[in-house]
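A.B. asks: Predicted structure and sequence below. I'll ask about it afterward.
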Amino acid sequence: MAAFKTLDDLPADLTGQVALVRVDLNLPMKDGSATDVLRVEAVRPTILELAGKGAKVLLLAHFGRPKGMRSSVLSTSMVVGDVEAVLGKEIMFIPEIAGPVVEQSIGILRSGDIGLLDNTRFWPGEEANDPNLAQAIAAHGDIYVNDAFSAAHRAHATTEGITHFLPSYAGRAMEAELKALDVALGNPQAPVAAVVGGAKVSTKLAVLENLVGRVQHLIIGGGMANTFLAARGVGVGKSLCEHDLTGTASKILDTADHAGCTVHLPYDVVVAREFAANPASLRSCNVHEVAEDEMILDIGPQATEALADVLKTCRTLVWNGPLGAFETEPFDTATMALARHVAALTQEGSLISVAGGGDTVAALAQAGVTDEVSYLSTAGGAFLEWMEGKQLPGVAALRA
């Protein structure tokens, strides 16, 4: 793994220094306050460590998609209260990201104080990665710290451009994420398994194509599995299935075969004639027995047990996406069972488990095992692009 500087490379005393810290404060809101502050909790150690060393900490963050226009409802001032509650410290809101207002605010802040700049995406130069904007923001700081892995797949002024003008470091959350990802796919302990689920093959094609050459076991679940079953000539009834992608699915199966990667598709499934909670038509059957008016909504008990046995033989697991329609009971059964099995193997020390993506985070929370996997990434797009084997500009910019 290429080296990058962390907070450990900073001096113990940062008094008089201004630290510009890129964080993810794009919080889900309801009635003016955040419904989930996980992202603030993730960056809390970095912010408090820098403040504790005496730095004046200026937070850079985007909020929603204002498309380069100011909007009162998308101002980061909306989250000041939530951030203060998590940090246990007062925060100065600064309605600009560069210029005299920022300069004056820095003059008012004392060592160890924290300021939150306004939504970086109010300025069109942010998403365009305009070097002039990056330089103008950088002019206020002495060091730059990126603690927003979830925005690392974007080459923006505050994720990539700014690193050309200031000494740059990975924050604690970014450091933990990069180490976990390196352990999972960069330099993993074999055998490696990947669980890839979700509704559509089309959204995860690049992920699947990258993984078949890098893992020993590829477990495909969710609606995606139906497209692979159809590619193998299995009738999937009314199930969600991208029939136009069966040729692509066949190619992926062939590539896996040549690479020595075993692809696991369910051989028994849970079906129903209607998608509803606990439908009367619910039944489990062999994949070859799905009727034309039935849809596959989860993988079956035998397939779930077989996957548990596969994971017992593995040392590393990367997980993105559920096995079935887990939001609706009882189609969460396989996902919940596998989540608890992964947690148990992780806790006994035989498996390193790295999971990420919105649905996966929700599924592991539903199973009550959020704290029992090795690493849980809350990043969506960045986690997916990393699984696709892409270079993430915000990460590449931090490499020493």
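C.D. replies: Structure received.
A.B. asks: So Ser353: helix, strand or coil?
C.D. replies: At Ser353 the chain is in strand, as set by DSSP: H, G, I helix; E, B strand; the rest coil.
A.B. asks: Quick check: bridge partners of it?
C.D. replies: On the basis of DSSP bridges, Ser353 is bridged to Leu317.
A.B. asks: Just the pLDDT for the nearest residue to Gln17 once chain neighbours are set aside.
C.D. replies: Nearest residue to Gln17, sequence neighbours excluded (C-beta to C-beta, 6 or more residues apart in numbering): Asp142, at 4.3 Å. The way it works is simple: take the backbone N, C-alpha and C, and place the C-beta from them, glycine included. Predicted confidence (pLDDT) at Asp142: the value is 98.
A.B. asks: Tell me if I'm right that Asp142 and Leu166 touch.
C.D. replies: Yes: using C-beta atoms under 8 Å, Asp142 is in contact with Leu166, at 7.3 Å.
A.B. asks: Tell me which of those two has more neighbours.
C.D. replies: More crowded of Asp142 and Leu166, by other C-beta atoms under 10 Å: Leu166, with 21 against 15.
A.B. asks: In this structure that one contacts Arg22, no?
C.D. replies: No: assessed by C-beta under 8 Å, Leu166 is found out of contact with Arg22, at 11.3 Å.
A.B. asks: got any residues that touch both of these two?
C.D. replies: When C-beta atoms under 8 Å, 6 or more residues apart in numbering defines a contact, the residues bordering Leu166 and Arg22 alike are Tyr144.
A.B. asks: where does the protein dip in pLDDT?
C.D. replies: Confidence mapping of the chain against pLDDT under 70 gives the ranges 1-2, 400.
A.B. asks: Spell out which residues make up each domain of it.
C.D. replies: The chain breaks down into these domains under automatic domain parsing: 7-173, 188-387.
A.B. asks: Just tell me which of those ends up closest to Leu181.
C.D. replies: Proximity to Leu181, assessed across these by C-beta to C-beta, is greatest for domain 188-387 (5.8 Å).
A.B. asks: I'd say Thr328 and Phe275 touch.
C.D. replies: Yes: look at Thr328 against Phe275 with C-beta under 8 Å: they come within range, at 7.2 Å.
A.B. asks: what sits in contact with each of the two?
C.D. replies: Any residue near both Thr328 and Phe275 by C-beta under 8 Å, 6+ apart counts here, and that gives Leu297.
A.B. asks: Surely Tyr144 forms part of a helix?
C.D. replies: No: counting by three-state DSSP, Tyr144 falls outside a helix, being strand.
A.B. asks: is it true that it touches Thr163?
C.D. replies: Yes: when contacts are counted by C-beta under 8 Å, Tyr144 is listed as touching Thr163 (6.3 Å).
A.B. asks: Looking at these two now, which is surrounded by more residues?
C.D. replies: Neighbours were counted for Tyr144 and for Thr163 using other C-beta under 10 Å; Tyr144 has more, 25 against 22.
A.B. asks: I'd like the distance between the nearest residue to that one once chain neighbours are set aside and Ser111.
C.D. replies: By the measure of C-beta to C-beta, 6+ apart, the closest residue to Tyr144 outside its immediate chain neighbours is Leu166, 4.1 Å from it. Distance, Leu166 to Ser111, using C-beta to C-beta, to the nearest Å: 19 Å.
A.B. asks: Repeat that for Ala55.
C.D. replies: According to C-beta to C-beta, Ala55 stands 7 Å off from Ser111.
A.B. asks: Name the residues contacting each of those two.
C.D. replies: Listed as contacting both Ala55 and Ser111 by C-beta under 8 Å, 6+ apart are Thr15.
A.B. asks: more crowded one of these two?
C.D. replies: Per other C-beta under 10 Å, whichever of Ala55 and Ser111 has more neighbours is Ala55, with 29 against 14.
A.B. asks: Is it correct that that one is in contact with Leu20?
C.D. replies: No: taking contacts as C-beta under 8 Å, Ala55 lies outside contact range of Leu20: 9.9 Å.
A.B. asks: what about the helices in the stretch 201-350 of the chain?
C.D. replies: Counting by DSSP state H, counting those that start in this stretch, the stretch 201-350 of the chain has helices at residues 205-211, 222-231, 246-259, 301-312, 333-347.
A.B. asks: Redo these as TSV? Include mean neighbour count.
C.D. replies: What follows is those, written out as TSV (neighbours: other C-beta atoms under 10 Å):
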stretch	mean neighbour count
helix 205-211	20
helix 222-231	25
helix 246-259	16
helix 301-312	17
helix 333-347	21
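A.B. asks: looking at the ones you listed, which is closest to Lys390?
C.D. replies: Closest to Lys390 of these is helix 205-211 (C-beta to C-beta; 7.9 Å).
A.B. asks: Show me the contact partners of the closest one.
C.D. replies: Under C-beta under 8 Å, 6+ apart, the answer for helix 205-211 is 194, 196, 201, 218, 220, 245, 248, 252, 255, 261, 318, 320, 384, 387-390.
A.B. asks: which secondary structure element contains Arg70?
C.D. replies: Using DSSP states H and E, Arg70 falls within no helix or strand.
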